[in-house]
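Chemist: Provided below are the primary sequence and the corresponding predicted coordinates.
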Amino acid sequence: STMQSRTAAKRSVLFCFEEETRRKRRKMDASKTAVVLIEYQNEFTTEGGKLHDAVKGVMESSGMLGKSKDLVDKARSKGCKIVHAPITFSDDYRELSDGIYGILANVKAGGCFKASEWGGKICDELAPAEEDVVIEGKRGLDGFASTNLDFVLRQNNIENVVLGGFLTNCCVESTMRTAYEKGYNVITLTDCTAATSEEEQAASVEKTYPMFSKPMTSSAFLESELN
């Protein structure tokens, strides 16, 4: 029985060691991590924005804007690359087809995200710092589709892509799916995203996000995942 207890003790020590090793291995290198902020623009984030009322409920229920700012400040100070991905259009929406349909038709009809207007500007709370990168060319939903995002991530040796922004079930989801397909290690920040209803928020975060990312809160990411 002494032999058995020694064996059990050894197993226990080995298990603890393996767990610790696994935990350390899971930690992300901040220098290889980018926080990609999708459409934190006045149109969504700020009172007076054309789409603010649509997302206000979900934003307020999770405190997403304050949590996003806190996350970005801390991630930047730890050495993560902060990447902003705003969507903007010319005043006459010449980038879009006359026969545009779906969500982009709604954007055009509502006169949203004009580069020349306040609504198209990144909100003050998340104004880019000098060392941040602002992605160019976003005219559609997927953050990779018409932009230099993949180029910027690869030039900066990024392996881990951490996503927050609007809309949970549209641009964030599209970007998440492509990042997953491209082989990035994808994390979605469940309390730094917002949709136009709690039902859509829950459906994305609970059902879709786990298929293409590791969904977690911003505090869990900062405390458990990042070195």
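Modeler: Arrived safely.
Chemist: lowest-confidence helix or strand of this protein?
Modeler: Using mean pLDDT, DSSP states H and E, helix 2-26 stands out as the lowest-scoring helix or strand of the chain, at a mean of 62.
Chemist: Could you verify my assumption that residue 172 touches residue 166?
Modeler: Yes. Residue 172 is within contact range of residue 166, at 7.0 Å (criterion: Cβ atoms under 8 Å). (Glycine included, C-beta is placed from N, CA and C.)
Chemist: more crowded one of those two?
Modeler: Between residue 172 and residue 166, counting by other Cβ atoms under 10 Å, residue 172 is the more crowded of the two (30 against 27).
Chemist: on that earlier part again, show me the common contact partners of residue 172 and residue 166, please.
Modeler: 38, 193 (Cβ atoms under 8 Å, 6 or more residues apart in numbering).
Chemist: Following the chain onward from the least confident helix or strand of the chain, which element is next?
Modeler: Beyond helix 2-26 on the C-terminal side, the first helix or strand identified by DSSP states H and E is strand 33-38.
Chemist: who does that following strand pair up with?
Modeler: strand 81-85 (parallel), strand 160-166 (parallel) (DSSP bridges).
Chemist: which residues are in contact with the last one?
Modeler: This points to strand 160-166. The contact list for strand 160-166, computed with Cβ under 8 Å, 6+ apart, reads 28-29, 32-40, 44-45, 55, 64, 68, 71, 75, 80, 85, 153, 171-172, 175-176, 179, 184-189, 192-195, 213, 218, 221.
Chemist: By neighbour count, sort out the buried ones in those.
Modeler: Among those, those that count as buried by neighbour count (16 or more other Cβ atoms under 10 Å) are 28, 32-40, 44-45, 55, 64, 68, 71, 75, 80, 85, 153, 171-172, 175-176, 179, 184-189, 192-195, 213, 218, 221.
Chemist: count of residues packed around residue 134?
Modeler: Residue 134: 14 neighbours (other Cβ under 10 Å).
Chemist: check contacts around it.
Modeler: By Cβ under 8 Å, 6+ apart, the neighbours of residue 134 are 83-84, 86, 122, 128.
Chemist: what's the closest of the residues you listed to residue 149?
Modeler: For the contacts of residue 134, the closest approach to residue 149 (Cβ to Cβ) belongs to residue 83, at 7.2 Å.
Chemist: Which strand residues bridge the spatially most central residue of the chain?
Modeler: Nearest residue to the geometric centre of the chain (Cα atoms, centre = their mean): residue 163, 1.4 Å. Beta bridges link residue 163 to residue 36, residue 188, judged by DSSP bridges.
Chemist: For the remainder of this discussion, apply numbering that starts at 134.
Modeler: Taking 134 as the first residue, the last one we looked at is residue 296.
Chemist: who's in contact with stretch 169-183?
Modeler: Contacts for stretch 169-183 (Cβ under 8 Å, 6+ apart): 184-185, 188, 192, 198, 201, 205, 215-220, 243-246, 251-256, 258-259, 276, 282, 294-300, 304-305, 308, 327.
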